[in-house]
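Asker: The following comprises the amino acid sequence and a computationally predicted model.
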Amino acid sequence: MIESGWAYIWGAYALALVTLLVLTLVVMLRLAHWSKRARSLERKP
Amino acid sequence: MLFLANPARFMSFSAWAAPLTLVLALALFAVGLPWGLFFSPADYQQGETVRIMYLHVPAAWWSLGIYVFMGAASLVGLVWRHVLADLAARSAAPIGAAFAWICLATGSLWGAPTWGTWWEWDGRLTSMLVLFVIYLGYIALWNAVEDEEKAARLAAILCLAGLINIPIVHFSVDWWSTLHQPASILRAEGPSIHPSMLGPLFTMAAAFLFLVAALAMMNMRAAIYRRRIEAARVRGADA
């Protein structure tokens, strides 16, 4: 059996969670940007 | 699904469905992460490193699943010229690329202590890397062609051609003698891994799936807003 390996486990979890967090933030910021612009356009007479 | 093919209906549906699926994904991650990290047993061969599987396997499953979805959407976009189908495929691509990256990186972090190597050019690893490169190529193609209709057509053709890689990824462990172990869950005889490990694995797989749904819907909403702005700009220029 492979002994320990926790450094690899923490590395894998940190890498995956940072990737998912960045992806989610980018998607949310992009949506906020375009929805804000679309709403300001709709408000224009 | 068909009722979502209308942009107005999709916008009103995704207005509540996207945040709901995001909350469900976060709730499942809140359960699955500690379950996989601390409350599931070590493997008799892999030891503690088996915990990497709870990230690696769902990322692998859904990176393939997203590509199949993109293929279906591309086919609809190409045959019926449905704008939402093109947008759906385009919106899912960055998520699929991120999942393929997570699969490759976590697989490498698992391989180092288990196989004694970070990388091996075997059938499964290489075909997964090819999938990641196809995702990047698909995203690059959409951004490289200015005319969106032309970009959609070219990207759809690339996506459909890339579908050939999906069975190669899946069956690579059966077709070739690889370092990667054969399928242990999605197989005719049923899962070969211990039931105590299936709980965190399926919880994480569900968390990844809900995250895909939430992010794809949000990406599509952003793309529809952008199209509306561009259409209004064109109308303004024509007036």
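Answerer: Sure thing, it's come through.

Asker: check contacts around residue 15.
Answerer: Just going to use chain A. B:102, B:105-106, B:109 (CB atoms under 8 Å, 6 or more residues apart in numbering or on different chains). (Each C-beta comes from the backbone N, C-alpha and C, glycine too.)

Asker: try chain B instead
Answerer: When contacts are counted by CB under 8 Å, 6+ apart, residue B:15 touches residue B:221.

Asker: and the contacts of residue A:15 as a markdown table, adding pLDDT and neighbour count?
Answerer: Shown next, in a markdown table, are the contacts of residue A:15 (pLDDT from 0 to 100; neighbours: other CB atoms under 10 Å in any protein chain shown):
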| residue | pLDDT | neighbour count |
| --- | --- | --- |
| B:102 | 98 | 25 |
| B:105 | 98 | 18 |
| B:106 | 97 | 26 |
| B:109 | 96 | 26 |
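
Asker: which of those come close to chain A?
Answerer: For chain A, the contacts drawn from these by CB under 8 Å from any CB of the partner chain are B:102, B:105-106, B:109.

Asker: Between those residues, which sits nearest residue B:216?
Answerer: For these, the minimum distance to residue B:216 (CB to CB) is 16.3 Å, reached by residue B:102.

Asker: Correct me if wrong: the closest one contacts residue A:16.
Answerer: Yes - contact criterion CB atoms under 8 Å: residue B:102 and residue A:16 qualify, at 4.8 Å.

Asker: Just give me the residues shared between the contact sets of the two.
Answerer: Contacts common to residue B:102 and residue A:16, judged by CB under 8 Å, 6+ apart, are B:55, B:59.

Asker: Residue B:210 touches residue B:19, doesn't it?
Answerer: No - using CB under 8 Å, residue B:210 is not in contact with residue B:19; the gap is 11.4 Å.

Asker: Between those two, which has more neighbouring residues?
Answerer: residue B:210 (20 against 13; other CB atoms under 10 Å in any protein chain shown).

Asker: Point out the residues in chain A that sit beside chain B.
Answerer: A:1-6, A:8-9, A:11-13, A:15-16, A:19-20, A:23-24, A:27-28, A:30-31, A:33-35, A:37-38, A:41.

Asker: give me that answer again for 10 Å
Answerer: Contact residues (CB under 10 Å from any CB of the partner chain) of chain A with chain B: A:1-17, A:19-20, A:22-24, A:26-42, A:44.

Asker: on that earlier part again, okay if I get the contacts of residue A:15 as JSON lines plus distance to residue B:227?
Answerer: Listed next are these as JSON lines, based on distance: CB to CB, whole Å:
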{"residue": "B:102", "distance to residue B:227": "30"}
{"residue": "B:105", "distance to residue B:227": "34"}
{"residue": "B:106", "distance to residue B:227": "36"}
{"residue": "B:109", "distance to residue B:227": "40"}
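
Asker: Look up the pLDDT of residue 43 for me, please.
Answerer: Picked chain A for this. Predicted confidence (pLDDT) for residue A:43: 78.

Asker: should've been chain B
Answerer: 86.

Asker: Number of residues surrounding the closest residue to it other than its chain neighbours?
Answerer: Of all residues not flanking residue B:43 in the chain, residue B:50 sits nearest, at 3.8 Å (CB to CB, 6 or more residues apart in numbering or on different chains). Applying other CB under 10 Å, we find 23 residues neighbouring residue B:50.

Asker: thought residue B:50 was touching residue B:36?
Answerer: Yes - counting by CB atoms under 10 Å, residue B:50 sits close enough to residue B:36 to count as a contact (9.2 Å).

Asker: joint contacts of the two?
Answerer: Residues touching both residue B:50 and residue B:36 (CB atoms under 10 Å, 6 or more residues apart in numbering or on different chains): A:9, B:197.

Asker: The helix ranked longest in chain B - contacts with which helices or strands?
Answerer: In chain B, taking DSSP state H as the definition, the longest helix is helix B:195-238. Here helix B:195-238 touches helix A:6-43, helix B:7-38, helix B:53-80, helix B:83-114, going by 3 or more CB pairs under 10 Å, 6 or more residues apart in numbering or on different chains; DSSP states H and E.

Asker: Please state the offset of it from the chain centre?
Answerer: 11 Å (CA atoms, centre = their mean, to the nearest Å).
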